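*Asks:* Generate coordinates for the sequence data below:
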Amino acid sequence: MINAIVLIHADAHRIPETAQAVADVSGVKEVYSCAGDIDLIAIVRVRDHGEIAQVVTAHINKVDGVVRTATHIAFQSYSSADVEAGFSLGE
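*Replies:* Numbers count the residues shown, from 1 in each chain. As a prediction, the model looks like this:
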């Protein structure tokens with residue numbers, strides 16, 4: 001499975017309706033309302049890269065109230081308990 005994070009700029013007067021419509025799109029697992037530069041964040045989970053483009057361009061971008069989107073594909077997750085994900089600077 002491939003996870004993508006879709007950052008959504010939406011019409012400020014339609015955020016609840018837009019969020020619900022995005023949540024109803026097949027492939028969208030969660031939608032979060034945000035304060036700041038981004039209005040909504042959608043978590044998309046699909047089987048292959050081609051499906052991401054289909055979900056975002058053919059469905060999310062066409063939802064009433066969506067102004068524009070930016071899609072970021074997630075390759076790996078990290079947690080505070082992850083001992084394998086060590087980072088270092090210098091030597």
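
*Asks:* Which strands or helices does the lowest-mean-pLDDT helix or strand in the chain pack on?
*Replies:* Between all helices and strands in the chain, the lowest mean by mean pLDDT, DSSP states H and E belongs to helix 49-53, at a mean of 89. Using 3 or more Cβ pairs under 8 Å, 6 or more residues apart in numbering; DSSP states H and E as the contact test, the elements touching helix 49-53 are strand 2-10, strand 66-74. (Glycine included, C-beta is placed from N, CA and C.)

*Asks:* Export these to CSV and append columns for distance to residue 46 and mean pLDDT.
*Replies:* CSV is the format used below for the helices and strands packed on helix 49-53 (distance: least, Cβ to Cβ, whole Å; pLDDT from 0 to 100):
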stretch, distance to residue 46, mean pLDDT
strand 2-10, 6, 96
strand 66-74, 10, 95
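
*Asks:* hang on, residue 78 in a strand?
*Replies:* No. Checked against DSSP: H, G, I helix; E, B strand; the rest coil, residue 78 lies outside a strand; its state is coil.
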